[in-house]
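**Q** Predicted model, plus sequence, below.
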Amino acid sequence: MADIVLSIVAKVAEYLVEPVIHEGKYFFCVSRVIKDLQNEKEELKSERDSLQDRVEQAKERTDLIEKPVEEWLNNVKKLLDEVEDLEQRMSTTDNCFQGRCPTWKRYCLCKKIVKKIEAMGKFKGKSNIHPFSRRSPLPGIQYESSENFTYFESTKVAYNQLLEAVQDDCINMIGVYGMGGSGKTTLVTEVGNKAEELNLFDKVISITVSQTPNIKNIQGKMADMLNLKLDEETEDGRAQRIWLTLREKRVLIIVDDIWGEFKLKDVGIRLDNECKSRWKILITTRRQEICDLLDCQKRIHLGLLSNDESWTLFQKHANIDNAFSESLMDVPLRLCDECKGLPIAIVILGSSLKGKSKDEWEVALQTLRYSESIEDHEGVRTALSCLKLSYDYLKNKDAELLFLMCSFFPEDSKISKEYLIRCGVGLGREGAFSLASRRSRIQVGINKLLDSCLLMPAEESRHNWHGYSEETVKMHDLVRDAAIWIAKRLNHKSLVNLDKPLSTLAEDYIIRDYFAVFSWCEENKISFQWDAPNLEILLLHIDNLHSLNLSYATFEGIKGLKVFSIIRPYPFFSSSQLLSLPQSTQLLTNLRTLCLNGWQLDDISFISSLTALEVLDLQSCHINELPNKMENLSRLRLLDLTNCFILQKNYNGAIGKCSQLEELYALGCKPEEYLSQSLMDIVTLPKLQRFVINTIKKNNDPDVEEHLNNAGNICPEGVRFLSLDVFNISNLKTSKQNLLQIAEIVCLQHLHGGCKNVIPDMIGVVGAMKNLSSLSLDDCADIECLFDTTTDPVCVDSHALIPKLVGLELLRLENLKEVCQGQPLQVLRLFEKLEKIYIKDCFKLHSIFPWECNLQNLKILDIGHNFACEALFSMSVAESLHQLQELYIHCCYALKHIIASGRDHCLSTSNDIASAPTSSHFRMLMPNMKRLYISHCPKLESIFPIFFIGGLAQLQEIAIVNAPKLKYIFGECDQGNHSSHWYEGQIMLPHLEVLTLENLQNLIGICLENYHAKWPFETTVSNCPKLTPSETTPPVKSCPL
């Protein structure tokens, strides 16, 4: 019992005494506690300083410190600060006898110190943290972002398009293309920066490919931006590692400056289905073709700056402000204008001239304006070197030659593609190639220049002397300067002379070393001796209304000449200006292209001595006769006699001897009466592939003239076009091949010789016309029908005889009664390919389309001035008009219905009326119709049945004028049938924009009473007294009732 009591007492003493002793040290062991605090503090500080040194070393390596390390340092700093505070407070505490007498305040502080000692003990030995740091990712797109990027209206449009595209889930390949130095790289960098700022992607990566891609370097840059270490040795292995790193991320990859075919997969950019939803790839290139090769879904062309934008940018980089001398301001303005909106030229030149003297500004202006001393001006040279890179990458001899050739023309010239091709044939490689293959090669070269933005399409097509439009291109002034600079370095010096007399240039030996000379002359006599052994191309434009006498000049010193052109730009002012050439012209035996345009030529027998000649262009010349010895021109491939007046009618004797001739152009040759038959008798041109022959005189009817011009408007593209006037087809011999057989476009006017139809009469004489794509018959009184199967319906297969016909024009055929006569089954296939039909002034025509024919490809139908036709289509024909877009009907005085009425023809079968209302049926009727124009049809009662309206969803314009009997635009299918109330309610024509109704005295409404159409906003109503405005009718534009 006593033991138990003792143990209890001892335990109680333990619990009471030990705390007392423990608490007592806060009163009586203060010195020891403070000493322990100082020891712990110094040890922790030492450990902290050691760790801090490691942190500084890591930051010097640009490593990022791991978060636990930063947390340890921050916590230790906070703890040590608190310890310092306690020490300070302890040292200032009131005490008795210098701290020998304990106080309550010291007790509390000492207690806190002990806790801080324990806290420091917990941090000691915990600074060895793993991982300690990691490599810092590179700044990437932000590093490349330009602080000087300036938003202009032109760049803002492209910027917004790009930003919209990178946010479009349906787009993952975006291409930006434009001329070198147009600001593509800067623009996409800013877009990438904005995408990163908006947190659209986990990562934005930018790489540069350049002309000669270094795959390992590109992969290395991508790895740097991804903070990725590539241990793989092979390029393929590194590519796979990059792809594995990126495939789970939302990433925008900017691939800058692609020149040629570049496989993105080689550097790790493999856009498979797994990545398409997360990746966007944005490329820049100077070549539009690259966007096509890489299947870019969005292509954005970055053009040039406007004049105001150019000046703003130039001022910024040249440091031109209000303090700039006004007396000097004219020079910078002109210098900026010479840059023609090209950003890199503006920036480089502006920066290089900042703070420079007036003399240096003047020198730079002269350098750009006259392409002189380019090597001496660093700013100009740097700008042109950027453009030279595009030239260096052409890697196409024809494109390189054409590039240099375009620099021969004056600034801002619109250069005819056909003229380039003809000159290119003269300067190009010799060989046994056909003209067609060389034309194709040169066209490819032009396309390469356009794709590379070294050439630009002219804003508008130019009309040549004969009223035909022709495709033209132009060259940016700085690109032209670059071309001249390059030509000089290649020893192909060129001279473009716009003001000096040509005789001065020759007498001063200025042109002696030149490769090409282009001169605008106002002289009427040139008598000097030409001495330029390196001259290969001489282009003279005579800008006056006088004759030009070269008869006293000597060409012995330019025997190497390959292209010679003397052109009067406006020959139609007068046809009597005489061009006299010297006898030494026959010494130009290397001449391959000769263009003499707009002259009266007396004796051109010298041409037969030019045995190397391949292109002879005599447009708009007055000639006594063609040379008799044309057979000497064994290499002649192209002959152009467009608009020539040839007094002696020796077409057969001259042209017929050019056995190698591949292209023949004879538009508007005079006298026309003889030309038609004589050209058709030319049967000895086995290699003729392209011809444009038109002997039809100008027509007094402007509408007919317009359609004839459209049919023949193929020059200079040069298909096989034949347009003949007053032609007797009976004179053709079926045993000989003729031009009609191989023509693609045929226009025949005043055809005679007993031909009553195309099949079988014309085909029987001409033979199968298997290349014919467009046929126009005008004022051919013998024609009674086009296709007659009454004589032998079994043997006539029109599709085999005319398999490619897509265009048909019937004009002023006074005896034409129907298109098909007899059983039409054999000709029905011919209608299936027709795309455009134009019929005018065929007064007796009462049946146009066979009731069973299929017009599945017809896009445009234009019918006018007809007195016999009561309906255009049967319902079965109307059902086949899936591609019809435009329908024009005017002055059809017997027309009652567009689609024939009556139970037999309203629908395809007797049961179709009941099924007409179904939505699956009406949606198929004319689904692509956009424009409907009807005028001056006094008997017209109906246009379309009501159930057609559901299929006319694309209809944009309706114009109906002078149809006094018309009650509804959309009415009943059959006048006696009222079963079509199946679709009562509001009718929608969602794309209808324009509605014009004029002089419709009986018009009640657009639809029957049971239907209500929503009218378009732009509605014009005039003289429609019975038309009742409804609440759905918008404000009428004009309504003079």
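**A** Thanks, I have it.
**Q** Every contact and neighbour count from this point should use C-alpha atoms.
**A** Noted.
**Q** Next one: Met405 from Asp481, what distance?
**A** 12 Å (Cα to Cα, to the nearest Å).
**Q** what about the two, which has more around it?
**A** Shown here are Met405 and Asp481; by other Cα atoms under 10 Å, Asp481 has more neighbours (24 against 21).
**Q** The more buried one: helix or strand, and which one exactly?
**A** helix 477-489 (DSSP states H and E).
**Q** was I right about Ile511 contacting Pro533?
**A** No. Contact criterion Cα atoms under 8 Å: Ile511 and Pro533 do not qualify, at 9.7 Å.
**Q** which one of those two has more residues nearby?
**A** Neighbour comparison, Ile511 and Pro533: the larger count goes to Ile511, with 23 against 17 (by other Cα under 10 Å).
**Q** How about the contacts made by that one?
**A** 495, 505, 517, 531-532 (Cα atoms under 8 Å, 6 or more residues apart in numbering).
**Q** And for Leu198?
**A** Contacts of Leu198 (Cα under 8 Å, 6+ apart): none.
**Q** Relative to Asn160, how far out is it?
**A** Distance, Leu198 to Asn160, by Cα to Cα: 14 Å.
**Q** Then Glu523?
**A** Glu523 is 54 Å from Asn160, where distance means Cα to Cα.
**Q** Tell me where the stretch 751-900 of the chain has strands.
**A** Applying DSSP state E, counting those that start in this stretch to the stretch 751-900 of the chain gives strands spanning 774-778, 785-788, 807-811, 818-821, 836-840, 860-866, 871-873, 886-892, 897-899.
**Q** Now render those strands as a markdown table, adding mean neighbour count and mean pLDDT.
**A** Below are the strands of the stretch 751-900 of the chain laid out as a markdown table (neighbours: other Cα atoms under 10 Å; pLDDT from 0 to 100):
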| stretch | mean neighbour count | mean pLDDT |
| --- | --- | --- |
| strand 774-778 | 22 | 92 |
| strand 785-788 | 22 | 84 |
| strand 807-811 | 21 | 93 |
| strand 818-821 | 20 | 83 |
| strand 836-840 | 20 | 94 |
| strand 860-866 | 20 | 93 |
| strand 871-873 | 22 | 90 |
| strand 886-892 | 20 | 95 |
| strand 897-899 | 21 | 89 |
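**Q** can you redo the ones you listed as CSV with distance to Leu596?
**A** Converted to CSV, those look like this (distance: least, Cα to Cα, whole Å):
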stretch, distance to Leu596
strand 774-778, 32
strand 785-788, 43
strand 807-811, 35
strand 818-821, 46
strand 836-840, 38
strand 860-866, 41
strand 871-873, 51
strand 886-892, 44
strand 897-899, 54
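**Q** Indicate which one of those is closest to Asp761.
**A** Closest approach to Asp761 among those is made by strand 785-788 (8.8 Å; Cα to Cα).
**Q** Can you tell me the SS state at the closest residue to Ser277 other than its chain neighbours?
**A** Nearest residue to Ser277, sequence neighbours excluded (Cα to Cα, 6 or more residues apart in numbering): Asp169, at 7.0 Å. At Asp169 the chain is in coil, as set by DSSP: H, G, I helix; E, B strand; the rest coil.
**Q** Just the local confidence number for Asp169, please.
**A** On pLDDT, Asp169 comes in at 86.
**Q** Please report phi then psi for it.
**A** phi -70, psi -20 (degrees, to the nearest 10).
**Q** Look up how far Gly175 lies from it.
**A** Separation of Asp169 from Gly175 (Cα to Cα) stands at 16 Å.
**Q** Which parts of the stretch 401-550 of the chain are strands?
**A** Along the stretch 401-550 of the chain, counting by DSSP E, counting those that start in this stretch, strands occupy 415-416, 456-457, 462-463, 469-470, 472-474, 494-497, 516-521, 529-531, 537-542, 548-549.
**Q** can the ones you listed go into TSV with extra columns for distance to Ile215, mean pLDDT and mean neighbour count?
**A** Listed next are those as TSV, based on distance: least, Cα to Cα, whole Å; pLDDT from 0 to 100; neighbours: other Cα atoms under 10 Å:
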stretch	distance to Ile215	mean pLDDT	mean neighbour count
strand 415-416	41	89	20
strand 456-457	33	85	16
strand 462-463	46	48	15
strand 469-470	45	68	18
strand 472-474	37	89	22
strand 494-497	40	74	20
strand 516-521	42	81	21
strand 529-531	53	81	19
strand 537-542	44	87	20
strand 548-549	62	82	18
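**Q** Let me know which of the ones you listed is the nearest to Asn193.
**A** Asn193 lies closest to strand 456-457 among the strands of the stretch 401-550 of the chain, at 31.0 Å (Cα to Cα).
**Q** Hmm, Ala768 is touching Met762, no?
**A** No. Ala768 lies out of contact with Met762 (Cα under 8 Å); the separation is 9.3 Å.
**Q** Show me where the stretch 501-650 of the chain dips below the pLDDT cut-off.
**A** Within the stretch 501-650 of the chain, the segments meeting pLDDT under 70 span 505-509, 544-545, 569-576, 649-650.
**Q** do that again at 90, thanks
**A** 501-535, 539-559, 567-586, 597-606, 608, 619-634, 641-650 (pLDDT under 90).
**Q** so where do the helices sit in it?
**A** Applying DSSP state H, counting those that start in this stretch to the stretch 501-650 of the chain gives helices spanning 502-507.
**Q** Just to be sure, Asp224 is in a strand?
**A** No. Membership of Asp224 in a strand is not supported by three-state DSSP, which gives helix.
**Q** neighbours of it, just the number please.
**A** Per other Cα under 10 Å, the neighbour tally for Asp224 reads 19.
**Q** next one: Ser437
**A** Ser437, neighbours per other Cα under 10 Å, totals 10.
**Q** got it, and Glu164?
**A** Count around Glu164 with other Cα under 10 Å applied: 11.
**Q** Likewise for the one 4 residues further on?
**A** For Asp168, the tally of surrounding residues (other Cα under 10 Å) stands at 11.
**Q** again with Arg931
**A** 19.
**Q** give me phi/psi at it?
**A** Taking degrees, to the nearest 10 as the convention, Arg931 sits at phi -130, psi 130.
**Q** Can you tell me the closest non-neighbouring residue to Gln741?
**A** Closest residue to Gln741 apart from its sequence neighbours, by Cα to Cα, 6+ apart: Met769 at 4.8 Å.
**Q** okay, and the helix or strand of this protein with the least pLDDT?
**A** When each helix and strand of the chain is scored by mean pLDDT, DSSP states H and E, helix 912-915 comes last, with a mean of 37.
**Q** just to revisit the earlier point, higher neighbour count, Asp169 and Gly175?
**A** Taking other Cα under 10 Å, Asp169 and Gly175 do not tie; Gly175 has more neighbours (25 against 12).
**Q** right, and that one touches Arg287 too?
**A** No. Because the distance of 10.1 Å does not satisfy Cα under 8 Å, Gly175 is recorded as not touching Arg287.
**Q** Could you list the low-confidence segments of the stretch 301-450 of the chain?
**A** 301-416, 424, 426-444, 447-450.
**Q** quick one: the helices in it?
**A** Assigned by DSSP H, counting those that start in this stretch, the stretch 301-450 of the chain shows helices spanning 307-318, 330-338, 343-352, 358-370, 378-392, 397-406, 417-427, 435-451.
**Q** Next, the buried residues of the longest one.
**A** It stands for helix 435-451. Neighbour counts over helix 435-451 (16 or more other Cα atoms under 10 Å) mark 435, 438-439, 441-443, 445-446, 448-451 as buried.
**Q** which one of those residues is nearest Leu610?
**A** Using Cα to Cα, Leu435 comes nearest to Leu610 of these, at 18.0 Å.
**Q** low pLDDT regions in the stretch 701-850 of the chain?
**A** By pLDDT under 90, the low-scoring segments of the stretch 701-850 of the chain are 701-744, 746-772, 782, 784-804, 817-833, 844, 846-850.
**Q** List the contacts of the closest residue to Ser773 other than its chain neighbours.
**A** Nearest residue to Ser773 in three dimensions, chain neighbours excluded: Leu805, at 4.1 Å (Cα to Cα, 6+ apart). Going by Cα under 8 Å, 6+ apart, Leu805 touches 772-775, 830, 833-834.
**Q** Quick check: beta-bridge partners of Ile759?
**A** For Ile759, the beta-bridge partners are Phe787 (DSSP bridges).
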